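Asker: what's the 3D shape of this:
(4 chains)
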There are 2 protein chains.
Amino acid sequence: MNERREMTTRERILASAAAIIGEDGVTARLSVRAVAERAGVSTGSLRHHFPTQQELRDEVLRRVFDWMLPTSNIDDSTVPARDRLVACLRQVLVMTGTGPEARESMVRIMDSFVTAEQNESVRAAYLAVQSDSQRRMEEWLQVLAADVDLPEDDIPRRARFLGTVLNGLAMERALPTADSLAHVETEALFVAADAVLNPALPS
Amino acid sequence: MNERREMTTRERILASAAAIIGEDGVTARLSVRAVAERAGVSTGSLRHHFPTQQELRDEVLRRVFDWMLPTSNIDDSTVPARDRLVACLRQVLVMTGTGPEARESMVRIMDSFVTAEQNESVRAAYLAVQSDSQRRMEEWLQVLAADVDLPEDDIPRRARFLGTVLNGLAMERALPTADSLAHVETEALFVAADAVLNPALPS
DNA sequence: ACCTGAACACCGTTCAAGT
DNA sequence: ACCTGAACACCGTTCAAGT
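Answerer: As a prediction, this is how the structure comes out:
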């Protein structure tokens, strides 16, 4: 709505792209001509603001993620445990960014820990990060255990699993994506949260 | 090699498509005209055998995967469903290898899909691989649904989640590791399998 | 600097026409 | 049934030209 007045051309283009996604759903094609026509600008002008179509997609995606940013409070027992956990996990993912930023994050991780010579110091560096995030997730589960009645001694295993899921999602943020990444990611986080918060999960 | 003689048109088309992938790598574009020209047939003839380009890509990919992955016995109902699923997931992981081999796999994926210029063809190539493995996992869950009573319409979501977990595990194979990666990995696979095979998993 | 719109080189699909 | 090739409706990108 009101994509034409009192906005810069750039914003009008972004608003139109977002509107198309909003209407046609996540499978929207987001073609140059469709976006340009809707924004009331020429294809050339669109290209001037977004040199490639990918850059337009990245920016739209970045805003969508920013828009659904969480204010996570693990202690707030007025919201369901799974929602609190998902919010916390999402905040971890915020650090990896989206689009080009996510790819840079991943390349940096690769350079530091995979391509680099596998000596004791890089190993130690990675394990420090790893065990820190592991500890943090265990703390979250500990807090939630009050509401959900988790078996205490299974918390490390469940936290470890969450770490694996987050690694998978970070990787998928760097890889090429169907435009439905935000949706897919949210679903994965909820499936993981439900799995991990299920008291009856077999061991 | 010998794509022109003693083969049906259909096989010649598939061979040409496979040859293009073999030469240009998985990011090859596989356009109608390129495949048709190489196979020595018209675009119309190609369409006659493969009504859509997607069907051609799917068939080529299916053969490639079948060739490099023996199917484990998902049908063997004498073993528990979760064990069968874990066995299948493990077979996917076999492809990424371990140790230096796993690091090379990951670097190759990064080069092809993350570091590479993000254009339509690398995106399409990744999505083709992605959707093929997605389809494969949906098939597994479909088979297991007979024993575990899964809600049919939730299978895609669950399969997608398994994909994310496998991505996370593949990444962890490349990263430095604490001690028994095998142990941690097995636990993650079972948690994922139990989550996904739980009929009561909230949606 | 910002914008236009034609032009270019692609793409997948359709279809009347041949054998 | 199998095959041809032109035609159609797209796509993303480039660029000389305007303001």
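Asker: A:Gly99 - nearest residue in space that isn't next to it in sequence?
Answerer: Nearest non-adjacent residue to A:Gly99, counting by C-beta to C-beta, 6 or more residues apart in numbering or on different chains: A:Asp58, 3.4 Å away. Just so you know, the C-beta spots here come from the backbone N, C-alpha and C atoms, and that holds for glycine as well.
Asker: tell me which element that neighbour falls in.
Answerer: A:Asp58 is part of helix A:53-67, with elements assigned from DSSP states H and E.
Asker: Let me know the average pLDDT across that helix.
Answerer: Mean pLDDT, helix A:53-67: 83.
Asker: That one vs DNA strand D: in contact?
Answerer: Yes: using C-beta under 7 Å from any atom of the strand, helix A:53-67 comes into contact with DNA strand D via A:Gln53, A:Gln54.
Asker: Check which helices and strands that helix sits against.
Answerer: Judged by 3 or more C-beta pairs under 8 Å, 6 or more residues apart in numbering or on different chains; DSSP states H and E, helix A:53-67 is in contact with helix A:9-24, helix A:99-109, helix A:181-196.
Asker: what's the angle from the helix or strand following the shortest one to helix A:181-196?
Answerer: Read in the C-terminal direction, the helix or strand following helix A:99-109 is helix A:120-148, with elements assigned using DSSP H and E. Using axes from the mean of the first three to the mean of the last three C-alpha atoms, to 10 degrees, one finds that helix A:120-148 and helix A:181-196 are set 70 degrees apart in direction.
Asker: quick one: average pLDDT of helix A:120-148?
Answerer: Here the average pLDDT along helix A:120-148 is 89.
Asker: Show me which parts of it are buried, residue by residue.
Answerer: Within helix A:120-148, the residues that count as buried by 16 or more other C-beta atoms under 10 Å in any protein chain shown are A:122-123, A:126, A:130, A:133-134, A:137-138, A:140-141, A:143-145.
Asker: do stretch A:189-203 as well
Answerer: The neighbour-count check on stretch A:189-203 (16+ other C-beta under 10 Å) flags A:Leu189, A:Phe190, A:Val191, A:Ala192, A:Ala193, A:Asp194, A:Ala195, A:Val196, A:Leu197, A:Asn198, A:Leu201 as buried.
Asker: ok, now how distant is the nearest residue to A:Arg33 once chain neighbours are set aside from A:Pro80?
Answerer: Leaving aside its chain neighbours, A:Arg33 sits nearest to A:Thr43 (6.1 Å; criterion: C-beta to C-beta, 6+ apart). Look at A:Thr43 and A:Pro80: by C-beta to C-beta, to the nearest Å, they are 47 Å apart.
Asker: Repeat that for A:Leu150.
Answerer: 15 Å.
Asker: out of those two, which sits in the more crowded spot?
Answerer: A:Leu150 (20 against 14; other C-beta atoms under 10 Å in any protein chain shown).
Asker: Please give me every residue in contact with that one.
Answerer: Residues near A:Leu150 by C-beta atoms under 8 Å, 6 or more residues apart in numbering or on different chains: A:Leu141, A:Leu144, A:Arg158, A:Leu197, A:Pro199.
Asker: got it, and A:Ser31?
Answerer: A:Ser31 touches A:Gln53, counting by C-beta under 8 Å, 6+ apart.
Asker: before we move on, back to that, show the average pLDDT along the following helix or strand past the helix holding A:Asp58.
Answerer: Remark: after helix A:53-67, the chain's next helix or strand is helix A:81-94, criterion DSSP H and E. If you average the pLDDT over helix A:81-94, you get 92.
Asker: Give me the helices and strands touching helix A:81-94, please.
Answerer: On a contact count with 3+ C-beta pairs under 8 Å, 6+ apart, helix A:81-94 meets helix A:120-148, helix A:155-174, helix A:181-196.
Asker: Can you give the distance of it from its chain's centre?
Answerer: Using C-alpha atoms, centre = their mean, to the nearest Å, the mean C-alpha position of helix A:81-94 is found 10 Å from that of the whole chain.
Asker: Quickly note the distance from the residue in chain A positioned nearest to DNA strand C to B:Ser180.
Answerer: Nearest residue of chain A to DNA strand C: A:Gly44, at 2.0 Å (C-beta to the nearest atom of the strand). A:Gly44 is 59 Å from B:Ser180, where distance means C-beta to C-beta.
Asker: do the same with A:Leu61
Answerer: Relative to B:Ser180, and taking C-beta to C-beta, A:Leu61 is found at 38 Å.
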